[in-house]
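Novice: Sequence plus predicted model, see below.
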There are 2 protein chains.
Amino acid sequence: MNAPMGLRERKKQRTRETISDTAITLFLEHGFDQVSVVDIAAVAEVSKPTLFKYFPTKEDLVVHRFADHQTVASSVVAERPPGVSAIDALHQHFLDGLAARDPITGLNDDEDVLAFHHLVYSTPSLVARVSKYLAQAEDALAETLAGALDSDREITAALLAGQVIATERILASVNWRRIVAGRSADEVHPEAVADADHAYALLRHGLAGVAPRK
Amino acid sequence: MNAPMGLRERKKQRTRETISDTAITLFLEHGFDQVSVVDIAAVAEVSKPTLFKYFPTKEDLVVHRFADHQTVASSVVAERPPGVSAIDALHQHFLDGLAARDPITGLNDDEDVLAFHHLVYSTPSLVARVSKYLAQAEDALAETLAGALDSDREITAALLAGQVIATERILASVNWRRIVAGRSADEVHPEAVADADHAYALLRHGLAGVAPRK
DNA sequence: GTCTGTGAATTGACTTGGTTAAGAAATTTG
DNA sequence: CAAATTTCTTAACCAAGTCAATTCACAGAC
């Protein structure tokens, strides 16, 4: 598919990676706000306008890495095997992510992943950027669910999409906090699975199904 | 409480309002990105550093107006009458908001409110700012729910908080879209109530309770 | 292998959001 | 009214992001 790529294309690709890698290295070393884009451009040996041609904002130098996650939830629903409900597919996919130590689940104790995570979540403008991606993921999921759910109310799809995205975000943040506290991914894994099962039970059966009324 | 306010305080208050009103007027007239902060400062007859002393960013000139909404959901739960469950209190509060045509519910057809709403939601940087407020509302609600819910799992509070905030955001956006389509708030009100009841049923009893499995 | 056309990179200047320091103005207190 | 303090202004500055004109380098034709 991309084997017959001209020298020009390959060079562009390489330049793009060089810029991003340079930026992330510098950010991890000195902090996002302490590194200016001219610093990055200088180290990467490109000009400032060139840098902005490859990445529209300074934040994109970092967050482009998980840009594709926008469509994951939607695809999971769209491509689930026949006979599997949308929510079962999402639940199973999250459990698979935990088992595979997918960084997006928060259950990953790799040093580099943790450092990257810390960079993102300790920088407000990067957090803002991430939540924009989450909003897009929610929109995409809502649209797919609208076709997959056939509830009597069309709003159900949007509501469920919002709840699913919020749920997975919170599960990931809880897992991540446990890892940051110094525990290993293997050690945390059983709790993470239990939390995920609990969270999806909440989505399936509501608060009345999991918590006593008070 | 604030009756014995010195001349200085009153003047500061007045300056603050002048700056914000000037900004919003100009934004509504020409668009957020087409008006620079020096323009605003000039019209409001203050210097640029003074403007930034009153409002830390350009976005805050607009969104400070619903800054207090951060704590509303949390307060509703904290101050609910005895014998009322947290989710019932939140549900009822949202219905009250609909009845009162509270702009935050999206059910308000006032021309100025609509214009303001459009300004915010058609400007990416303002949307980002709003979602930061929503995140804070979620955190505050999670903390209050943690004390109010006594589930066996502490994560339940965080999950429910995320779901509630997402739910109310989506309900508001649906209402708002109906109003933008040209319908009156009075006309839409019954549907908005039905949607809210449906959404809270989803929170209480889960997807299994409201939609057939597919 | 050289020429030529085209897309990309560079340079340099510019706009805007936001900050800082020093001094001027105005309000409070005595 | 005078002294002390807070606030405002002026002017300069930094960083993100954009734009126009020019230069560079690869690709294809000869």
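Specialist: Nice, thanks for sending it over.
Novice: which stretches of chain A form strands?
Specialist: For chain A, applying DSSP state E gives no strands.
Novice: On the pLDDT front, check residue A:3 for me.
Specialist: The confidence metric pLDDT takes the value 35 at residue A:3.
Novice: Check the one 10 residues further on too.
Specialist: Per-residue confidence at residue A:13 stands at 85 (pLDDT).
Novice: For burial, what's the neighbour tally of it?
Specialist: Neighbour count for residue A:13, taken as other CB atoms under 10 Å in any protein chain shown: 12. Glycine gets a C-beta too; all of them are placed from N, C-alpha and C.
Novice: try the one 10 residues further on
Specialist: As a burial measure, residue A:23 scores 24 neighbours (other CB under 10 Å).
Novice: In terms of pLDDT, where does it sit?
Specialist: Confidence at residue A:23, expressed as pLDDT, is 96.
Novice: what's the answer for residue A:29, then?
Specialist: Here, the pLDDT recorded for residue A:29 equals 95.
Novice: surely residue A:176 meets residue A:117?
Specialist: Yes. Checked against CB atoms under 8 Å, the pair residue A:176 and residue A:117 is within contact range at 6.4 Å.
Novice: So those two - more neighbours on which side?
Specialist: Just comparing residue A:176 and residue A:117: by other CB under 10 Å the higher neighbour count belongs to residue A:176, 21 against 18.
Novice: which residues does the nearest residue to that one once chain neighbours are set aside contact?
Specialist: With sequence-adjacent residues excluded and distances taken as CB to CB, 6 or more residues apart in numbering or on different chains, residue A:176 is closest to residue A:106, at 3.7 Å. Applying CB atoms under 8 Å, 6 or more residues apart in numbering or on different chains to residue A:106 gives the contacts A:171, A:172, A:173, A:174, A:175, A:176, A:177, A:179, A:192.
Novice: for residue A:47, same thing?
Specialist: residue A:41 are the contacts of residue A:47 under CB under 8 Å, 6+ apart.
Novice: And the pLDDT at it?
Specialist: 92.
Novice: Count the neighbours of residue A:11 for me.
Specialist: When neighbours are counted by other CB under 10 Å, residue A:11 registers 11.
Novice: circling back to that earlier point, and the residue nearest to residue A:176, backbone torsions?
Specialist: Main-chain torsions, residue A:106, degrees, to the nearest 10: phi 80, psi -10.
Novice: Can you name the residues of chain A sitting close to DNA strand D?
Specialist: The interface of chain A toward DNA strand D, taken as CB under 7 Å from any atom of the strand, is made up of A:6-8, A:11, A:35-38, A:48-49, A:52, A:56-59.
Novice: Please indicate which of these are buried?
Specialist: Those of the residues of chain A next to DNA strand D that meet the buried threshold are A:35, A:37, A:58, A:59, by 16 or more other CB atoms under 10 Å in any protein chain shown.
Novice: Which pLDDT does the model give the residue nearest to the first one when sequence neighbours are not counted?
Specialist: What that stands for is residue A:35. Spatially, and ignoring its direct neighbours in sequence, residue A:35 is nearest to residue A:26 (4.6 Å; CB to CB, 6+ apart). Residue A:26 carries a pLDDT score of 97 in this model.
Novice: low-confidence ranges in chain A?
Specialist: Residues of chain A meeting the criterion pLDDT under 70: A:1-8, A:211-214.
Novice: give me that answer again for 50
Specialist: Low-confidence segments of chain A (pLDDT under 50): A:1-4, A:213-214.
Novice: Give me the domain ranges for it.
Specialist: Domain ranges of chain A: A:7-61, A:67-206, per automatic domain parsing.
Novice: With distance to residue B:144 as extra columns, can I get these in CSV?
Specialist: Formatted as CSV, the domains of chain A follow (distance: least, CB to CB, whole Å):
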stretch, distance to residue B:144
domain A:7-61, 32
domain A:67-206, 16
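Novice: With distance to residue A:166 added, can I get the buried ones among the residues of chain A next to DNA strand D in TSV?
Specialist: Output for those, formatted as TSV (distance: CB to CB, whole Å):
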residue	distance to residue A:166
A:35	32
A:37	33
A:58	28
A:59	22
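Novice: what's residue A:97 in contact with, if anything?
Specialist: Applying CB under 8 Å, 6+ apart to residue A:97 gives the contacts A:104, A:105, A:107.
Novice: okay but the second one is in contact with residue A:170, surely?
Specialist: Same thing as residue A:105. No. Contact criterion CB under 8 Å: residue A:105 and residue A:170 do not qualify, at 11.6 Å.
Novice: hey, which of the domains of chain A is tucked in deepest?
Specialist: When the domains of chain A are scored by mean count of other CB atoms under 10 Å in any protein chain shown, the highest mean neighbour count falls to domain A:67-206 (a mean of 18).
Novice: so how far is the first residue of that domain from its last?
Specialist: Distance between the boundary residues of domain A:67-206 (CA to CA, to the nearest Å) amounts to 31 Å.
Novice: next one: that domain to chain centre, how far?
Specialist: Its chain's C-alpha centre lies 8 Å from the corresponding centre of domain A:67-206 when counted by CA atoms, centre = their mean, to the nearest Å.
Novice: Next, see if it gets close to DNA strand C.
Specialist: No. Domain A:67-206 is not in contact with DNA strand C by CB under 7 Å from any atom of the strand; minimum separation 10.1 Å.
Novice: Tell me the spacing between residue A:90 and residue A:129.
Specialist: As for residue A:90, its distance to residue A:129 is 24 Å (criterion: CB to CB, to the nearest Å).
Novice: need the helices for chain A, in chain order.
Specialist: Using DSSP state H, the helices of chain A run over A:7-30, A:37-44, A:48-54, A:60-63, A:72-78, A:86-99, A:111-121, A:124-148, A:155-180, A:185-210.
Novice: ok and the last one relative to helix A:111-121, angle-wise?
Specialist: Going by axes from the mean of the first three to the mean of the last three CA atoms, to 10 degrees, helix A:185-210 is angled at 50 degrees with respect to helix A:111-121.
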